[in-house]
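Peer 1: Let's see this in three dimensions:
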Amino acid sequence: RDVMLESATTSFQLHLQVPFDQSVRYFNASLIASAPMVAVSANAPYLFGKDLWDETRIPLFEQSVALGHDTPQRVTFGSGYAQRSLEEIFLENMADHPVLLPLALDEMSDRLAHVRLLNGTIWRWNRPLIGFDDDGTPHLRIEHRVMPAGPTMIDMAANMAFYYGMLEWLVHEPSPPESILPFRDAEENFYRAARIGLDADIRWLDLRSHPIRELILQELIPRAAAGLKHLGVDESLASRMLRIIEARVRTGQNGAIWQRRFVEHHGRDFGAMLRAYREHQQRGEPVHTWSLNAASSVRMKPSFLRIEDRLPEGLLDANCHELADVLGQPTLIHLEGRKPDRLFVSLVLHGNEDVGLKAIQKVLRKYPGNALPRSLSLLIGNVEAARHGVRRMDHQPDYNRVWPGTDREDTPEHAVMRHVMREMKDRSLFACIDLHNNTGWNPIYSCICRHDYRTLQLASLFGRTAVYFQRPLGVQTMAFASLAPSVTCECGKVGDETGVEMAAQFIDACLHLSEIPNHAPADGDLHLFHTLATLYVPERIAFEYGPKIDSAQLEVDLRLRSDLDHCNFQELSPGLEIGWCRSPSTLPLAVIEETGRVCTEEYLKLEHGAISLSRTVIPAMLTCNPAVVRQDCLGYLMERMPIEPKL
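Peer 2: Next comes the predicted model:
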């Protein structure tokens with residue numbers, strides 16, 4: 001209702017006067033360049049205290065003057081590439097936005113004053129402009145509006161060099177890039193980059209998806225350097241500007257990222273953040289060099305966690321594939337209930353597992369108006385992988401291996417989970433639940449990493465089977481176990497409605513439970529197993545699944561039995577064959593104990609090309625899904641464990 005929202009959309013607008021005969025190429029190239037430009041320059045993650053897009057200015061400006069869904073928008077990426085002339089854009093403006101009131105202007109008609117006035121009220125992110133030189137000669141300019149102002153003059157100068165250099169390269173490519181990359185891909189690239197920034201993947205001129213950071217470093221910076229050279233820009237100046245872009249991308253710290261890091265480290269004191277921002281700005285330091293304190297590390301990127309205190313619109317009706325559109329990023333949602341001790345539930349840590357979403361939707365529909373019996377916090381994790389129906393994207397770590405306590409290299413996802421932990425430590429926790437599907441034939445069961453009465457009681461509330469584990473590190477349940485009783489719920493295969501129902505009933509029970517008993521579960525209420533070791537297929541080993549075959553006939557290093565996942569939670573005797581290999585002497589599998597010790601030959605033996613068990617084990621999570629094997633493991637080996645904790 002108030003156009004003052006536009007005051008929060010300050011842009012750094014670049015103009016480029018272009019030859020008439022090449023104006024279409026320049027305009028289309030500017031559209032294609034928009035995604036990397038908005039990603040590298042993003043500087044607006046917050047609005048009204050909410051953590052939103054990396055460049056929130058983009059949707060804010062579009063919405064601030066929006067007239068409704070059925071009306072062509074005045075702030076837009078456009079409807080397509082220009083084909084023959086930029087006149088097409090001006091004609092589209094006139095067709096989509098009829099003049100409301102007549103206005104007589106004194107300028108001569110050949111100065112096109114009315115056309116220019118109308119065009120000035122339509123804010124395309126790449127806008128063609130008609131202008132006139134001092135001698136009255138008309139010209140065309142491309143106005144590039146995607147970049148925000150700031151953080152410093154040197155950052156803006158570097159952005160300008162990157163844009164002009166990249167544009168010059170794109171325009172002089174022998175094959176017009178717009179004839180290769182469909183407009184809808186350029187448009188989707190732009191909004192994805194505005195939303196996710198330097199963590200976005202975009203579709204490029206080879207029609208393949210690339211992490212935008214890799215694309216900028218490996219292709220666009222060298223191409224921009226060549227473009228600036230073609231324009232006659234001093235090489236030392238061009239190099240200095242592009243080195244700033246390179247350093248910004250390598251450190252992963254643009255203006256948006258620095259702001260999130262500040263809030264992550266110092267809390268939501270936006271006044272303090274503004275003061276620190278202004279101090280750095282006055283020093284003229286490029287944003288990639290901005291530090292927070294002596295303990296900060298440029299390797300550690302900030303959290304890109306979204307935090308809400310109400311259910312986002314559309315969440316209760318979304319499927320997993322739609323979460324990225326509804327939420328945009330990993331999201332922590334705090335809902336208040338009658339009991340203040342909070343239940344924490346994490347879901348979709350793996351993008352191809354939808355049981356958590358379905359279960360929480362089923363529960364929340366029971367409580368219209370969010371009249372919950374207990375306060376509830378929900379973490380919805382890997383929405384990007386969920387969009388594609390995969391466990392994780394190739395460029396991502398496993399979202400359930402990056403929690404505090406992990407032994408894996410630091411990534412932006414680690415920062416997200418640290419942020420979640422800090423948020424939840426400030427709240428009184430009742431219990432913690434992590435909901436998953438799995439790929440093999442397993443019973444519905446829970447996993448725990450503490451062998452104490454309250455944790456055992458929580459596990460028994462979900463089901464009669466539980467597994468105690470200490471590896472892998474960095475999982476959610478292990479991180480939260482120090483705060484409250486915590487369990488991971490393995491709810492069967494995707495599509496198993498029994499698992500969804502059990503998970504929903506478990507959540508609902510925890511919302512109503514007054515306390516978790518601090519004594520042993522009753523006899524028969526819980527069967528407990530202990531994970532001894534993890535079974536891996538080494539990366540160098542090519543493998544397949546199938547029936548028994550002579551080793552001389554194998555075309556890959558390893559063949560695993562095709563019914564391997566049917567062995568889960570069964571006591572397997574020594575001598576059972578689980579696979580066959582070409583090597584007569586080297587086992588193509590690895591077994592690693594919870595301590596990290598390699599102990600393959602204590603569990604497996606190789607005789608005449610057949611791989612068999614050398615001791616009694618009970619497997620879990622054995623899978624016949626090669627992608628899961630590569631991204632995680634082949635399965636786990638267990639033994640039975642007494643319920644009564646050791647003193």
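
Peer 1: Could you check how far Ile180 is from Ala29?
Peer 2: In this view, Ile180 and Ala29 are 12 Å apart by Cβ to Cβ, to the nearest Å. In this view, the C-beta of every residue, glycine as well, is placed from N, C-alpha and C.

Peer 1: pLDDT below threshold where in the stretch 151-300 of the chain?
Peer 2: For the stretch 151-300 of the chain, applying pLDDT under 70 flags the ranges 293-300.

Peer 1: Give me the pLDDT for the closest residue to Gly609 other than its chain neighbours.
Peer 2: Excluding the flanking residues, the one nearest Gly609 by Cβ to Cβ, 6 or more residues apart in numbering is Ser551, at 3.0 Å. Listed pLDDT for Ser551 reads 84.

Peer 1: Pull the residues that contact stretch 595-611.
Peer 2: Stretch 595-611 has contacts (Cβ atoms under 8 Å, 6 or more residues apart in numbering) with 471, 533, 535, 548, 550-551, 558, 577-593, 612-615, 617, 637.

Peer 1: Which elements pack onto the helix or strand harbouring Phe162?
Peer 2: When elements are assigned from DSSP states H and E, Phe162 belongs to helix 153-171. When contacts are defined as 3 or more Cβ pairs under 8 Å, 6 or more residues apart in numbering; DSSP states H and E, helix 153-171 packs onto strand 14-18, helix 23-41, helix 221-231, helix 235-251.

Peer 1: What angle do helix 23-41 and the shortest one make with each other?
Peer 2: Put simply, strand 14-18 runs at 160 degrees to helix 23-41, going by axes from the mean of the first three to the mean of the last three Cα atoms, to 10 degrees.

Peer 1: Stretch 257-268: which residues count as buried?
Peer 2: Residues of stretch 257-268 classed as buried by neighbour count (16 or more other Cβ atoms under 10 Å): 257-264.

Peer 1: Ignore what I typed, I meant stretch 271-290.
Peer 2: Neighbour-count burial for stretch 271-290 flags 273, 276-277, 280-281, 285-290 (criterion: 16+ other Cβ under 10 Å).

Peer 1: before we move on, back to that, you'd agree the residue nearest to Gly609 is up against Gly579?
Peer 2: No. Between Ser551 and Gly579 there is no contact under Cβ atoms under 8 Å: 10.6 Å.

Peer 1: Those two: who's more crowded?
Peer 2: Neighbours were counted for Ser551 and for Gly579 using other Cβ atoms under 10 Å; Gly579 has more, 25 against 14.

Peer 1: same for the helix or strand that contains that one, what does it pack against?
Peer 2: Using DSSP H and E, Gly579 sits in strand 577-581. On a contact count with 3+ Cβ pairs under 8 Å, 6+ apart, strand 577-581 meets strand 558-561, strand 610-613.

Peer 1: Point out the most buried one among those.
Peer 2: strand 558-561 (a mean of 22; mean count of other Cβ atoms under 10 Å).

Peer 1: List the strands paired with that one, with their directions.
Peer 2: strand 543-546 (parallel), strand 577-581 (antiparallel) (DSSP bridges).

Peer 1: Now the last one: buried residues?
Peer 2: Using 16+ other Cβ under 10 Å as the burial criterion, the residues of strand 577-581 that qualify are 578-581.

Peer 1: Make a markdown table from the residues you listed and add distance to Tyr191 and pLDDT to it.
Peer 2: Below are the buried residues of strand 577-581 laid out as a markdown table (distance: Cβ to Cβ, whole Å; pLDDT from 0 to 100):
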| residue | distance to Tyr191 | pLDDT |
| --- | --- | --- |
| Ile578 | 48 | 96 |
| Gly579 | 47 | 95 |
| Trp580 | 50 | 95 |
| Cys581 | 49 | 94 |
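
Peer 1: for those, which one is nearest Leu217?
Peer 2: Nearest to Leu217 out of the buried residues of strand 577-581 is Cys581 (Cβ to Cβ; 40.1 Å).

Peer 1: surely that closest one meets Ala552?
Peer 2: No. Using Cβ under 8 Å, Cys581 is not in contact with Ala552, being 11.4 Å away.

Peer 1: if we can go back for a sec, turn the helices and strands packed on strand 577-581 into JSON lines, including distance to Leu237.
Peer 2: Formatted as JSON lines, these follow (distance: least, Cβ to Cβ, whole Å):
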{"stretch": "strand 558-561", "distance to Leu237": "57"}
{"stretch": "strand 610-613", "distance to Leu237": "63"}
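
Peer 1: Indicate which one of the ones you listed is closest to Ile541.
Peer 2: strand 558-561 (5.5 Å).

Peer 1: which residues touch the helix or strand where Glu214 lies?
Peer 2: Following DSSP H and E, one finds Glu214 within helix 212-215. Contacts to helix 212-215, defined as Cβ under 8 Å, 6+ apart, come from residues 35-36, 39, 193, 198-202, 204, 249, 252.

Peer 1: can you rerun that using 6 Å?
Peer 2: Residues outside helix 212-215 that contact it (Cβ atoms under 6 Å, 6 or more residues apart in numbering): 39, 198, 200, 202, 204, 249.
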